[in-house]
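*Asks:* Below are the sequence and a predicted model; questions follow.
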Amino acid sequence: RLYQVPFEMPGCEGDPQTLHLVGDFSAPAEFFVTLGVFSFLYSMAALVLYLRFHSLYGTNKKLPFTDFCVTLCFAFFWLVAAAAWGKGLSDVKAATRPGTLIGAMGICHGEAAVCNAGTTPAMGLANISVVR
(Lines give C-alpha, C1' and ligand atoms only; values in the text may rest on other atoms or scores of the structure.)
Protein backbone atom coordinates (compact mmCIF):
# COMPACT_ATOMS: atom_id res chain seq x y z
CA ARG A 1 0.00 0.00 0.00
CA LEU A 2 1.25 3.44 -0.81
CA TYR A 3 0.67 6.53 1.21
CA GLN A 4 0.66 10.01 -0.21
CA VAL A 5 2.11 12.53 2.20
CA PRO A 6 1.02 16.06 1.22
CA PHE A 7 3.32 19.08 1.42
CA GLU A 8 2.98 22.65 0.18
CA MET A 9 5.18 24.01 -2.61
CA PRO A 10 5.03 27.43 -4.30
CA GLY A 11 3.21 27.59 -7.62
CA CYS A 12 3.72 29.73 -10.70
CA GLU A 13 1.47 32.59 -9.56
CA GLY A 14 2.65 32.49 -5.97
CA ASP A 15 -0.24 30.26 -4.89
CA PRO A 16 0.97 27.19 -3.07
CA GLN A 17 0.19 23.85 -4.63
CA THR A 18 -0.01 20.54 -2.81
CA LEU A 19 2.37 17.81 -3.92
CA HIS A 20 2.51 14.28 -2.54
CA LEU A 21 5.42 12.08 -1.55
CA VAL A 22 4.54 8.60 -2.75
CA GLY A 23 5.65 5.68 -0.61
CA ASP A 24 4.94 3.78 2.58
CA PHE A 25 7.47 4.80 5.20
CA SER A 26 5.51 3.50 8.18
CA ALA A 27 6.18 -0.25 8.01
CA PRO A 28 9.66 -0.23 9.65
CA ALA A 29 8.45 1.99 12.49
CA GLU A 30 5.35 -0.16 13.01
CA PHE A 31 7.54 -3.29 13.16
CA PHE A 32 9.87 -1.65 15.68
CA VAL A 33 7.01 -0.45 17.91
CA THR A 34 5.19 -3.80 17.72
CA LEU A 35 8.34 -5.64 18.72
CA GLY A 36 8.84 -3.19 21.59
CA VAL A 37 5.30 -3.81 22.87
CA PHE A 38 5.71 -7.59 22.66
CA SER A 39 9.09 -7.34 24.42
CA PHE A 40 7.53 -5.30 27.21
CA LEU A 41 4.67 -7.77 27.62
CA TYR A 42 7.04 -10.73 27.65
CA SER A 43 9.30 -9.07 30.22
CA MET A 44 6.29 -8.40 32.47
CA ALA A 45 5.16 -12.03 32.16
CA ALA A 46 8.70 -13.25 32.89
CA LEU A 47 8.91 -10.95 35.90
CA VAL A 48 5.68 -12.41 37.28
CA LEU A 49 7.06 -15.91 36.66
CA TYR A 50 10.35 -15.11 38.38
CA LEU A 51 8.79 -13.46 41.43
CA ARG A 52 5.54 -15.33 41.94
CA PHE A 53 6.41 -18.83 40.72
CA HIS A 54 10.09 -18.96 41.64
CA SER A 55 9.88 -22.57 42.85
CA LEU A 56 8.39 -23.70 39.52
CA TYR A 57 11.17 -21.91 37.67
CA GLY A 58 13.80 -23.60 39.84
CA THR A 59 12.44 -27.16 39.63
CA ASN A 60 11.51 -27.27 35.95
CA LYS A 61 14.69 -27.58 33.85
CA LYS A 62 12.99 -26.78 30.52
CA LEU A 63 11.59 -23.44 31.65
CA PRO A 64 14.94 -21.58 31.96
CA PHE A 65 16.06 -22.93 28.57
CA THR A 66 12.77 -21.87 26.97
CA ASP A 67 13.15 -18.43 28.56
CA PHE A 68 16.66 -18.19 27.16
CA CYS A 69 15.52 -19.17 23.65
CA VAL A 70 12.65 -16.67 23.65
CA THR A 71 15.00 -13.93 24.88
CA LEU A 72 17.47 -14.83 22.13
CA CYS A 73 14.70 -14.57 19.51
CA PHE A 74 13.66 -11.17 20.85
CA ALA A 75 17.28 -9.97 20.71
CA PHE A 76 17.59 -11.12 17.08
CA PHE A 77 14.31 -9.49 16.05
CA TRP A 78 15.32 -6.30 17.88
CA LEU A 79 18.45 -6.17 15.73
CA VAL A 80 16.37 -6.74 12.58
CA ALA A 81 13.88 -4.06 13.67
CA ALA A 82 16.67 -1.54 14.27
CA ALA A 83 18.06 -2.24 10.80
CA ALA A 84 14.58 -1.86 9.28
CA TRP A 85 14.10 1.43 11.11
CA GLY A 86 17.43 2.66 9.74
CA LYS A 87 16.38 1.69 6.21
CA GLY A 88 13.04 3.44 6.67
CA LEU A 89 14.83 6.57 7.83
CA SER A 90 17.14 6.54 4.82
CA ASP A 91 14.07 6.19 2.56
CA VAL A 92 12.44 9.21 4.23
CA LYS A 93 15.67 11.18 3.85
CA ALA A 94 15.86 10.29 0.16
CA ALA A 95 12.23 11.27 -0.44
CA THR A 96 12.58 14.61 1.36
CA ARG A 97 16.00 15.58 0.01
CA PRO A 98 15.76 19.16 -1.30
CA GLY A 99 16.97 18.15 -4.75
CA THR A 100 14.26 15.51 -4.98
CA LEU A 101 11.59 17.98 -3.89
CA ILE A 102 12.75 20.56 -6.41
CA GLY A 103 12.59 17.92 -9.14
CA ALA A 104 8.94 17.31 -8.23
CA MET A 105 8.01 20.98 -8.59
CA GLY A 106 6.54 21.82 -11.98
CA ILE A 107 7.60 25.44 -11.67
CA CYS A 108 11.27 24.43 -11.75
CA HIS A 109 11.00 22.62 -15.09
CA GLY A 110 10.69 25.84 -17.11
CA GLU A 111 13.70 27.14 -19.02
CA ALA A 112 13.69 30.53 -17.31
CA ALA A 113 13.20 29.06 -13.83
CA VAL A 114 16.03 29.14 -11.35
CA CYS A 115 15.40 26.90 -8.36
CA ASN A 116 17.67 26.64 -5.35
CA ALA A 117 17.45 23.91 -2.73
CA GLY A 118 18.58 26.12 0.10
CA THR A 119 19.68 24.40 3.27
CA THR A 120 19.55 20.68 3.89
CA PRO A 121 17.22 19.78 6.77
CA ALA A 122 18.85 18.63 9.99
CA MET A 123 18.38 14.90 10.52
CA GLY A 124 20.70 14.50 13.50
CA LEU A 125 18.01 13.58 16.02
CA ALA A 126 16.52 11.06 13.61
CA ASN A 127 19.96 9.47 13.16
CA ILE A 128 20.41 9.29 16.93
CA SER A 129 17.03 7.56 17.28
CA VAL A 130 18.28 4.73 15.06
CA VAL A 131 21.62 4.41 16.85
CA ARG A 132 20.06 4.28 20.30
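*Replies:* Okay, I see it. This structure is a prediction, so every number in the text was calculated from the model and none was measured. Numbering: from 1, shown residues only.
*Asks:* Flag the shaky bits of this structure, pLDDT-wise.
*Replies:* Within the chain, the ranges that satisfy pLDDT under 70 run 1-20, 22, 106-107, 117-121, 130, 132.
*Asks:* Spell out, range by range, the helices that occur in it.
*Replies:* 27-52, 54-59, 62-95, 98-104, 124-131 (DSSP state H).
*Asks:* Nearest to residue 21 among those helices would be which one?
*Replies:* Shortest separation from residue 21 across these is recorded for helix 62-95, at 5.0 Å, computed as C-beta to C-beta. Every residue, glycine included, has its C-beta placed from N, CA and C.
*Asks:* Would you mind listing the buried residues in the closest one?
*Replies:* 74, 77, 81, 82, 84, 85, 88, 89, 92 (16 or more other C-beta atoms under 10 Å).
*Asks:* Roughly how far does the fifth one sit from residue 31?
*Replies:* When C-beta to C-beta, to the nearest Å is the yardstick, residue 84 and residue 31 sit 6 Å from each other.
*Asks:* Repeat that for the third one.
*Replies:* Distance, residue 81 to residue 31, by C-beta to C-beta: 5 Å.
*Asks:* How about residue 96?
*Replies:* Distance from residue 96 to residue 31, counting by C-beta to C-beta: 21 Å.
*Asks:* do residue 115 as well
*Replies:* Distance of residue 115 to residue 31, computed by C-beta to C-beta: 36 Å.
*Asks:* how about the most centrally placed residue in the chain, what does it touch?
*Replies:* Using C-alpha atoms, centre = their mean, the residue of the chain that lies closest to the mean C-alpha position is residue 29, 3.3 Å off. With contacts defined as C-beta atoms under 8 Å, 6 or more residues apart in numbering, residue 29 is in contact with 85, 88.
*Asks:* cool, and residue 123?
*Replies:* 89, 93.
*Asks:* May I have the distance across stretch 52-63, first residue to last?
*Replies:* Separation of the first and last residues of stretch 52-63 by C-alpha to C-alpha, to the nearest Å is 14 Å.
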